[in-house]
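Engineer: Here's a sequence, model it:
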Amino acid sequence: MVRVSSLSNLGELCQRLDYALGPLAQEVSSCLTALIKTEKEAEVRRAAVHVITLLLQGLSDKTSQVLGDVLLDLYRALKWVVGSDPDDTAVLHAQLALEELSDVTRKLLFPEPKLEKKIVVLP
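Structural biologist: Numbering: from 1, shown residues only. Take a look at the predicted model:
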């Protein structure tokens, strides 16, 4: 229960750190993926996946800049949960995180076009 609570607090903190998370992104990512793949307690796996979801939600448009090096690792960990975790709640959390990652990627690849024109009046 203590580990679950600690992970929940870590998720809330990561959600608010924005660019300050940059130097710690690799360490946080490796800890979360290790917990997801090796932890026997379902609640701890759920909490680790929830931290990833909160992290992606908190960074939103800045995700690729802050987590650029670890996005593939997080994606693979989430896909692993969806494909092989026996806990339905962890799978649901992973699907939500994948949707968030998909939205971020879609916004990065296909930015909304700006429909504006500059009108200049000649003297």
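
Engineer: which SS state does the residue nearest the centre of the chain fall under?
Structural biologist: By CA atoms, centre = their mean, the chain has its centre lying nearest to residue 56, at 3.1 Å. Of the three states, residue 56 takes helix under DSSP: H, G, I helix; E, B strand; the rest coil.

Engineer: Likewise for residue 92?
Structural biologist: Quick answer, by three-state DSSP: residue 92 is helix.

Engineer: what's around it, how many residues?
Structural biologist: The local packing of residue 92 (other CB atoms under 10 Å) involves 14 other residues. From N, CA and C alone the C-beta is placed, and that goes for glycine too.

Engineer: dump the residue contacts of residue 29.
Structural biologist: Counting by CB atoms under 8 Å, 6 or more residues apart in numbering, residue 29 touches 67, 70, 73-74.

Engineer: go with 10 Å
Structural biologist: Contacts for residue 29 (CB atoms under 10 Å, 6 or more residues apart in numbering) come out as 52, 55, 67, 69-74, 77.

Engineer: Give the buried residues for stretch 67-87.
Structural biologist: Using 16 or more other CB atoms under 10 Å as the test for burial, stretch 67-87 gives 67, 70-71, 73-75, 77-78, 81-82, 85, 87.

Engineer: quick one: stretch 68-77 to chain centroid distance?
Structural biologist: Its chain's C-alpha centre and that of stretch 68-77 lie 9 Å apart, by CA atoms, centre = their mean, to the nearest Å.

Engineer: what's the burial count for residue 65?
Structural biologist: For residue 65, the neighbour count with other CB under 10 Å is 12.

Engineer: Give me the helices and strands touching the helix or strand that contains it, please.
Structural biologist: Using DSSP states H and E, residue 65 sits within helix 63-66. Other helices and strands packing on helix 63-66, by 3 or more CB pairs under 10 Å, 6 or more residues apart in numbering; DSSP states H and E, are helix 42-59, helix 71-84, helix 88-109.

Engineer: Just the CA trace of the shortest one, in PDB.
Structural biologist: This file holds the C-alpha atoms of helix 71-84, laid out as PDB (Å, rounded to 0.1, in the frame of the first residue of the first chain):
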ATOM      1  CA  LEU A  71       8.800   7.700 -25.300                       C
ATOM      2  CA  LEU A  72       9.600   4.400 -27.100                       C
ATOM      3  CA  ASP A  73      10.300   2.600 -23.800                       C
ATOM      4  CA  LEU A  74       7.100   3.900 -22.300                       C
ATOM      5  CA  TYR A  75       5.100   2.900 -25.400                       C
ATOM      6  CA  ARG A  76       6.500  -0.600 -25.300                       C
ATOM      7  CA  ALA A  77       5.800  -1.000 -21.600                       C
ATOM      8  CA  LEU A  78       2.200   0.100 -22.100                       C
ATOM      9  CA  LYS A  79       1.800  -2.200 -25.100                       C
ATOM     10  CA  TRP A  80       3.200  -5.000 -23.000                       C
ATOM     11  CA  VAL A  81       0.600  -4.300 -20.300                       C
ATOM     12  CA  VAL A  82      -2.300  -4.300 -22.800                       C
ATOM     13  CA  GLY A  83      -1.100  -7.600 -24.300                       C
ATOM     14  CA  SER A  84       0.000  -9.600 -21.400                       C
END
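
Engineer: No more questions from me, cheers.
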